[in-house]
Every structure is written in structure tokens, then in C-alpha cells.
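Peer 1: here's my sequence, what's the structure:
(one chain, ligands or ions: 1)
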Amino acid sequence: MALVFYHGHGSPYSWRVFLALEHLEAPYELKVLSFADKDTTKPEFVAINPRHQVPTIVDEGFALWESTVILEYLDERFGKGARRLYPGDARERARTRRLVREAEEYLYREGTDPIVDEYFWKGDAPPDAGVVEKARQRAAEELRYLEKELRGEFLAGSQPTAADFVLAPLLGYVHRITFRKPEAKLVELVPAGIAAWYERIKALPYFEKTFPPHWR
Ligand SMILES: N[C@@H](CCC(=O)N[C@@H](CS)C(=O)NCC(=O)O)C(=O)O
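Peer 2: Predicted structure coming up:
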């Protein structure tokens, strides 16, 4: 029985796993849950994942959630040859884990998350300009930091890894936020090296398949 992947379009966490499954050429069945229909809170899904979040996978009866943990599992289960999410020796794998953690802790948490909160989750209240500006500065700093971590085409060399798949949805968000709220001026913060890297990510043969359909 193929692995079942419960996904929600537009979730940056779920998007990571979508990219990874495709990159690893893992056999899987995609089940798209609708946030609008509150599918994640329906009893049949809560019975699988009591945290009721996507991404969730079920591999031959084994249910797993938390995107970065899923990435590690998928690498051990399906990674082979040049297609590894955490390639290389112990130090190289540790570096990829560090980049994953740093993108999550600093770029997401201190950069894009507060901006999304201010623009999209405050109802009719206007965004707090101070919060937005601080988060913009943090996002810019972290993007410059990650630019220095590029090792050739991708963050660990000639093939994308877990670090690239965690960063890619963030760049998708930077563009999406700027499209919906041009005044956020986020795309202009992206340094040239990361902009070129994102073009390479978008050129991956499976990227388009993973792109949120309602963003097109
Ligand atoms: N730490 C989790 C975060 C997952 C998460 O926040 N998923 C959200 C979508 S972005 C979700 O499924 N929300 C639906 C709900 O809570 O019912 C991970 O890395 O997988």
C-alpha cells in the first residue's frame, strides 16, 4: 500500500514534504484537505493525527506528523544515490539539520510569520508598522545569511536537500505576500543569490505540481 500524504495547499510545512516526496520519487497517494472546510478537525483525520495538522503521512499503518521529522523519515525510507534529503557524512548531515532549524527558528518565526500575522490575521485592524518593519529587517538579515550558505546551485551542492525544501515555501510566501500586499515590499529584500536559487527551485521538474493551485 502506497504511503498516504495528507496535504493542505498553501501550508508551508506541508509544501516541504510535497517537494521532498517528489524529489525522492517516493510512491505516495496525495490526499488534499481543505482548510476552508475544516477538514483537519474532522474526527476521521483527528483519529490519525490528534494535533490535526498537515503535513501528516501514513506509511503502512504508521502515522507521522511534524514536517521536519517527516523529512528525516522520508530520507531514511526512500533516499538513495544522489537523491538524499540529508546527504553526506555526519557533519554534512548536521549542517543540513542546522540550516533547517535556522530557517525555521529565525526566518519563519522572526521574519515571515509576524508579517503574515500582521497583514492577514488581524481582521480589520491595520498592521502594526513597527512589528512589520522589525520582521522585514529580520527576514532580510536571515536571507543574506542563507545566501552565504549556498554551496553551488543549492544549499548543500548540486542537488536540493531538506534545507532547500524548507526554504522554498518561504520564498513562495515572500512572493505571495508581496503580490497580495505590495506595501509589505518583501521581494525587494531577497538578495540576488537567493533570488537566483529560487529560480532554480522553480525549474525543478516537480515544482509546478506542488505549487498551491489557488495562488496561480
Ligand atoms: N510544526 C508543524 C506545523 C504544522 C501546521 O501548523 N500545520 C497547519 C497548516 S500551516 C495546520 O495543519 N493547521 C490546521 C489545524 O491546526 O487544524 C509542522 O512542522 O508540521
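
Peer 1: residues contacting residue 203?
Peer 2: By Cβ atoms under 8 Å, 6 or more residues apart in numbering, the contact list for residue 203 is empty. For the C-beta atoms, the positions are set from N, CA and C on the backbone; glycine is no exception.

Peer 1: give me phi/psi at it?
Peer 2: Main-chain dihedrals, residue 203, degrees, to the nearest 10: phi -80, psi -10.

Peer 1: who touches residue 28 in this structure?
Peer 2: 2-5, 21, 57.

Peer 1: which one of these is nearest the ligand?
Peer 2: In terms of Cβ to the nearest ligand atom, no member of the contacts of residue 28 lies closer to the ligand than residue 57, at 10.7 Å.

Peer 1: does the helix or strand hosting that closest one pack against any helices or strands, and if so which?
Peer 2: Take DSSP states H and E as the rule and residue 57 turns out to sit in strand 56-59. The helices and strands touching strand 56-59, judged by 3 or more Cβ pairs under 8 Å, 6 or more residues apart in numbering; DSSP states H and E, are strand 3-7, strand 62-65, helix 67-78.

Peer 1: what's in contact with the second one?
Peer 2: Spelled out, it's strand 62-65. Against strand 62-65 from outside (Cβ under 8 Å, 6+ apart): 48-49, 51, 53, 55-58, 70, 73.

Peer 1: that one pairs with which strands, parallel or anti?
Peer 2: strand 56-59 (antiparallel) (DSSP bridges).

Peer 1: output the partner strand as PDB, nothing but the C-alphas.
Peer 2: Taking C-alpha atoms only, strand 56-59 is exported to PDB below (Å, rounded to 0.1, in the frame of the first residue of the first chain):
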ATOM      1  CA  THR A  56       0.700  14.000   8.000                       C
ATOM      2  CA  ILE A  57       1.800  10.800   6.400                       C
ATOM      3  CA  VAL A  58       0.600   7.200   7.000                       C
ATOM      4  CA  ASP A  59       3.100   4.600   5.800                       C
END
